[in-house]
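Trainee: Give the three-dimensional model of this entry:
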Amino acid sequence: MNKKEVLIGFIIGLIANTTGTLLYIIIFSKLSIIETYKVAVSEGHVGSLLALGAILNLAAFFGFLKIKRDLRAKGVLIATLMTALLIMYYKVF
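Mentor: Just a heads-up that it's a prediction; the model follows:
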């Protein structure tokens, strides 16, 4: 049962990060989502887009802590750490 709760939190963390990234692109970019991604790849800003998208993970993490779903919050934290590792990969390579 514990693994299921962590997995749910992890999936919610990934969804929150993806949603945050897409919202950032929609609100602040004058280009389409695909064009913005292509420009970010060519200029090396994919890590920055992912980092800005991860802000929604804060809401999910503290929301789960507030309703005493600690294992789900742990899953969101794992998703955030994986995003950080992906950002580090984009920055180094």
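Trainee: in what helix or strand does Arg72 lie?
Mentor: helix 70-92 (DSSP states H and E).
Trainee: Give me the buried positions along that helix.
Mentor: Across helix 70-92, burial judged by 16 or more other C-beta atoms under 10 Å covers 71-80, 83, 87, 90. The C-beta positions use only the backbone N, C-alpha and C, and glycine is treated the same way.
Trainee: for these, which one is nearest Leu65?
Mentor: Minimum distance to Leu65 across these is 5.0 Å, recorded for Ala73 (C-beta to C-beta).
Trainee: So which residue is smack in the middle of this protein?
Mentor: Asn17 (2.3 Å; C-alpha atoms, centre = their mean).
Trainee: any idea how far Ile78 is from that one?
Mentor: 12 Å (C-beta to C-beta, to the nearest Å).
Trainee: One more: Ala16?
Mentor: 13 Å.
Trainee: residues in contact with the residue lying closest to Phe64 once chain neighbours are set aside?
Mentor: Nearest non-adjacent residue to Phe64, counting by C-beta to C-beta, 6 or more residues apart in numbering: Ala73, 3.9 Å away. For Ala73, the contacting residues are 9, 61-62, 64-65, by C-beta atoms under 8 Å, 6 or more residues apart in numbering.
Trainee: ditto for Ala51
Mentor: Here Ala51 is in contact with 83, 87 (criterion: C-beta under 8 Å, 6+ apart).
Trainee: so which strand or helix has it?
Mentor: Per DSSP H and E: helix 46-53 holds Ala51.
Trainee: what's the offset of that helix from the middle of its chain?
Mentor: 8 Å (C-alpha atoms, centre = their mean, to the nearest Å).
Trainee: could I get it in CSV with only the CA atoms?
Mentor: C-alpha atoms of helix 46-53 as CSV (Å, rounded to 0.1, in the frame of the first residue of the first chain):
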residue,chain,number,x,y,z
VAL,A,46,15.4,23.4,-21.8
GLY,A,47,16.6,23.1,-18.2
SER,A,48,15.3,26.6,-17.4
LEU,A,49,11.9,25.7,-18.8
LEU,A,50,11.8,22.5,-16.7
ALA,A,51,12.9,24.5,-13.6
LEU,A,52,10.1,27.0,-14.0
GLY,A,53,7.6,24.2,-14.6
